[in-house]
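> Here is a sequence with its predicted model. Questions after.
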Amino acid sequence: MATYAPPTRPHNPHLPFGDQQAAPFYGQDILSVKQFSPDDLTYIFGVAREMREMVLRVGTFDLLKGKILANLFYEPSTRTSSSFTAAMERLGGSVIPINEVIFSSVSKGESLPDTIRTLECYADVIVLRHPEVGASALAAQYARKPVINAGDGVGEHPTQALLDLFTIVSELGEIDGLTVTMLGDLKYGRTVHSLARLLSLYHVRLNYVSPDILRMPAEIIAELSARDIPQAEHPNLEPALADTDVLYVTRVQKERFEDPAQYESVKGAFVIDADTMQHAKQRMIVMHPLPRVGEISMEVDDDPRAAYFRQMECGLYVRMALLAMVLGKA
Amino acid sequence: MATYAPPTRPHNPHLPFGDQQAAPFYGQDILSVKQFSPDDLTYIFGVAREMREMVLRVGTFDLLKGKILANLFYEPSTRTSSSFTAAMERLGGSVIPINEVIFSSVSKGESLPDTIRTLECYADVIVLRHPEVGASALAAQYARKPVINAGDGVGEHPTQALLDLFTIVSELGEIDGLTVTMLGDLKYGRTVHSLARLLSLYHVRLNYVSPDILRMPAEIIAELSARDIPQAEHPNLEPALADTDVLYVTRVQKERFEDPAQYESVKGAFVIDADTMQHAKQRMIVMHPLPRVGEISMEVDDDPRAAYFRQMECGLYVRMALLAMVLGKA
Amino acid sequence: MATYAPPTRPHNPHLPFGDQQAAPFYGQDILSVKQFSPDDLTYIFGVAREMREMVLRVGTFDLLKGKILANLFYEPSTRTSSSFTAAMERLGGSVIPINEVIFSSVSKGESLPDTIRTLECYADVIVLRHPEVGASALAAQYARKPVINAGDGVGEHPTQALLDLFTIVSELGEIDGLTVTMLGDLKYGRTVHSLARLLSLYHVRLNYVSPDILRMPAEIIAELSARDIPQAEHPNLEPALADTDVLYVTRVQKERFEDPAQYESVKGAFVIDADTMQHAKQRMIVMHPLPRVGEISMEVDDDPRAAYFRQMECGLYVRMALLAMVLGKA
């Protein structure tokens, strides 16, 4: 995946040549945030905006009527699975839900390429969640139909990063000029890694606030430095909060600490509550990929700056956009 | 839940004001049998009757085309889950099935309010089955979209009680004047409790037939006495059978008895067979919420008075009616 | 099941009499390969061919719009379940997925007839996968709606046999005159048993290649001998390969051998690789019911004679044909 190259697809030989040229992303896979240029993002968000307008006005429409999505989840994720299901259904398409693969032919030892080549006999597009890094790229290598990566282990979760960025654009209008503060577990969170990479395509400042053992990997910091992105690390939120336009919160898991006492000593510093919000800008947003387990107090939910549930809604529009695009209907 | 008040909904701010006035139950939750007046029941059954006519005539129709139901089951219930799925599909709508929540973000510790606020980003109505009493009321408190209680622990299962009552009306025409005999486990069965409460809105007589340790709770008996409903308790069916118009059978579970010998000594008295039916009226019905495990002998199935499979079908029509109503389309 | 008689259905009293006469298989069950005549097979494959043309031309169409399939799987089978789901969705119908029956009312001890009589209140057709031989016949006995057997233990899996035969017809044009070689576990594989029975309706030659302990049952050999089908058994593929038109590969499971050393000594003889293909005809096909676990080397996948993924696609068309037929729309 480190050497990921933009796909040379569509490789579905059934697609008419003219159609393949007409629509960006038609027949392509969505595997990594690294495949997108700023122009791509502008295009995707434009389509996502149209999807939002259509949903708010008419609820669903028949853009993908007759198309079938195979929703293939090798590990459970109610949120992502439901979001893709809803996206397909709001576009008039149908879904083959495959959530219980742990019980199925997969557990009989079938290879991922065989499973993929079977499912593409039935479906028009495949969404894949898999615990192993690179699984989606492997699937895409064998599939004639488009594959969308819905998370491959500690690898990537590109649709999450796209919805995060779309939320920022929707809430604050522009990305250039923003100060984005990432808080919590920055070491293991694929979400913040992918988002940081996407943000590096714009003129932003990044703050990283985390316990010492959960700092942003040096590799990501180096990658963004090479793009001249100003970055600063802090052991707690206080020095970064006042200038923050986007506060992106993630969970600090107790299991990451060898010494429970160490966890207890730091955890309070990474909880957002009403008091935190008093020291934040009037015009800023708080985001979280959810699920949360205490990192943001429920008392913050009614604050208009709490954007995490609107963020969920943005996920629907971005996934509708991606499905429509890879199926040549956007 | 004891202090349940009729909802002041619709609180979905997107609903146009005029529409909210026009259609009864539009935007409302279905949480408890206590929220219904006799006029409400008459209205619901009228809509359910229309649904039956439409299904028998054309199978499905597009009343809820473009609407999405999130079918959220924290505990398995093939029957109820399938019934709501079919109801939504027969109305032209789509379903997000979430049956495996035990494996999902919920098991990562997410709160019910967060799960609900996420799902309502994708769906138009939420059906919730949950093992804890009051879960549906909690969900409804946070949801902007309508919530339908599909069973919350030993609490309520209002759509079951509504379909039970609709079955009685469909089979016997009138509720006033009927003698309803409830048989089996009357202590732990939320089904009989909810049905008894609904029946108390009419002029009926109630018989309770159960082993001594599984008698109808005093609280329910008191509640119905306050409404002047004649009630009688019996240790076996014989004295009540001849006058019974509706025999509502529930399962007597062995696990409820401390002494297995005690279970063996009584269980035979609570099994309905061909002999029982010989002593029943010619015009009466036998009901059961199903699944049954021996409480009604299969030899009764072909008796025209055996209404329990028709009861299942009534469940489809009542749930179609409720979905159409809360979505403002009835 | 041994005494299976052609169904005297349709027994759905709601079907108009004229309709029942008009369309073959309307209202009937699909339970066993024994119920089909050569004319039936010709008819089914004709409808399947139309389905393929429609899918390739327009993807989906609304032939079964408004119809609901209950997809009832008592044991997991991603492949078969997904295939029926896709078949119903490509015909414009809806699906009630019931994959988790192990957790459901069934596990509370409900009988199969009760489950079936409940589901037919919601659905128009029932697809049943069950671990016990004869389960589908039992279900069909109680159901008013058509039941399709999707595998009942070591019993039958008729739609698999039909798709296998349809694949042969699609790939090679004619069945009469072909030499079909079945390879691997011929003792326990219900797939090869059903396929052998269907093939015996034509003028074919059969080779059976298997380890000694996994030979084709004498009962099947006798049944085909009575129909004058030439059959030959071989301990390895070599003598049969050169004349083979269809090589049907199945898995040899290590667990079938008491002595692991014995398994190790034979397993290599039952793996198909590029070298095997060099000794096969230019015009022949390799089939496998999938999933495979090493029986066919991945290096064979790009050989045009490798038909196993096209076989999966044939499964979609055959199942679409069967659903349309039993619902009177073919």
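Nice, thanks for sending it over.

> from here on, contacts and neighbour counts on C-alpha atoms
Will do.

> quick one: furthest residue from the center of chain A?
Note on chain A: the largest C-alpha distance from the chain mean falls to A:Ala261, namely 32.8 Å (C-alpha atoms, centre = their mean).

> so what's A:Ala48 scoring on pLDDT?
Per-residue pLDDT puts A:Ala48 at 98.

> Next: the one 4 residues further on.
On the pLDDT scale, A:Arg52 is placed at 97.

> Within the helices and strands, which one has it?
Following DSSP states H and E, one finds A:Arg52 within helix A:38-58.

> Tell me the strands beside the following helix or strand past that helix, with direction?
Next along the chain after helix A:38-58, taking DSSP H and E as the criterion, comes strand A:68-73. Here strand A:68-73 is paired, per DSSP bridges, with strand A:94-98 (parallel), strand A:125-130 (parallel).

> The helix holding A:Arg52 - contacts with which helices or strands?
Other helices and strands packing on helix A:38-58, by 3 or more C-alpha pairs under 8 Å, 6 or more residues apart in numbering or on different chains; DSSP states H and E, are helix A:308-326.

> can you count the residues close to A:Gln300?
Wrong residue type there; residue A:300 is Val, not Gln. Neighbours of A:Val300 under the rule other C-alpha atoms under 10 Å in any protein chain shown: 17.

> A:Ser94 now?
28.

> again, but for A:Ala306
Burial measure for A:Ala306: 19 neighbouring residues, criterion other C-alpha under 10 Å.

> same check, this time on A:Leu224
A:Leu224, neighbours per other C-alpha under 10 Å, totals 20.

> circling back: list the buried ones in the helix holding A:Arg52?
When neighbours are counted by 16 or more other C-alpha atoms under 10 Å in any protein chain shown, the buried residues of helix A:38-58 are found to be A:41, A:44-45, A:47-52, A:54-55.

> and it with helix A:308-326, angle?
Inter-element angle recorded for helix A:38-58 and helix A:308-326: 110 degrees (by axes from the mean of the first three to the mean of the last three C-alpha atoms, to 10 degrees).

> Please save the CA atoms from helix A:38-58 in CSV.
C-alpha atoms of helix A:38-58 as CSV (Å, rounded to 0.1, in the frame of the first residue of the first chain):
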residue,chain,number,x,y,z
PRO,A,38,-7.3,18.8,-4.6
ASP,A,39,-9.4,18.9,-7.8
ASP,A,40,-10.7,15.4,-7.1
LEU,A,41,-11.7,16.5,-3.6
THR,A,42,-13.5,19.6,-4.9
TYR,A,43,-15.3,17.4,-7.4
ILE,A,44,-16.3,14.8,-4.8
PHE,A,45,-17.6,17.5,-2.3
GLY,A,46,-19.6,19.1,-5.1
VAL,A,47,-21.3,15.9,-5.8
ALA,A,48,-21.8,15.3,-2.0
ARG,A,49,-23.4,18.7,-1.8
GLU,A,50,-25.9,17.8,-4.5
MET,A,51,-26.6,14.6,-2.7
ARG,A,52,-27.4,16.5,0.5
GLU,A,53,-29.8,18.9,-1.4
MET,A,54,-31.6,15.9,-3.0
VAL,A,55,-31.9,14.1,0.3
LEU,A,56,-33.3,17.1,2.2
ARG,A,57,-35.7,17.9,-0.7
VAL,A,58,-36.9,14.5,-1.7
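
> Return the residues of the stretch 201-330 of chain A in contact with chain B.
For the stretch 201-330 of chain A, the contact set with chain B under C-alpha under 8 Å from any C-alpha of the partner chain comprises A:291-293, A:309-310, A:312-313, A:316.

> what does the stretch 1-150 of chain A give?
By C-alpha under 8 Å from any C-alpha, the residues of the stretch 1-150 of chain A that approach chain B are A:59-61, A:76-79, A:82-83, A:85-87, A:89-90, A:92.

> what residue ranges in the stretch 51-200 of chain A score low on pLDDT?
The stretch 51-200 of chain A contains residues with pLDDT under 70 at A:100-109.

> A:Arg292 in helix, strand or coil?
Using DSSP: H, G, I helix; E, B strand; the rest coil, the secondary structure recorded for A:Arg292 is coil.

> circling back to that earlier point, buried subset of the residues of the stretch 201-330 of chain A next to chain B as a ChimeraX selection?
ChimeraX command restricting these to the buried ones, with burial defined by 16+ other C-alpha under 10 Å:
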select /A:291,292,293,309,310,312,313,316
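
> May I see the residues of the stretch 201-330 of chain A next to chain B arranged in a markdown table, with distance to B:Ser200 and pLDDT as well?
Listed next are these as a markdown table, based on distance: C-alpha to C-alpha, whole Å; pLDDT from 0 to 100:
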| residue | distance to B:Ser200 | pLDDT |
| --- | --- | --- |
| A:Pro291 | 44 | 90 |
| A:Arg292 | 45 | 90 |
| A:Val293 | 44 | 85 |
| A:Phe309 | 43 | 97 |
| A:Arg310 | 45 | 97 |
| A:Met312 | 44 | 97 |
| A:Glu313 | 44 | 97 |
| A:Leu316 | 45 | 98 |
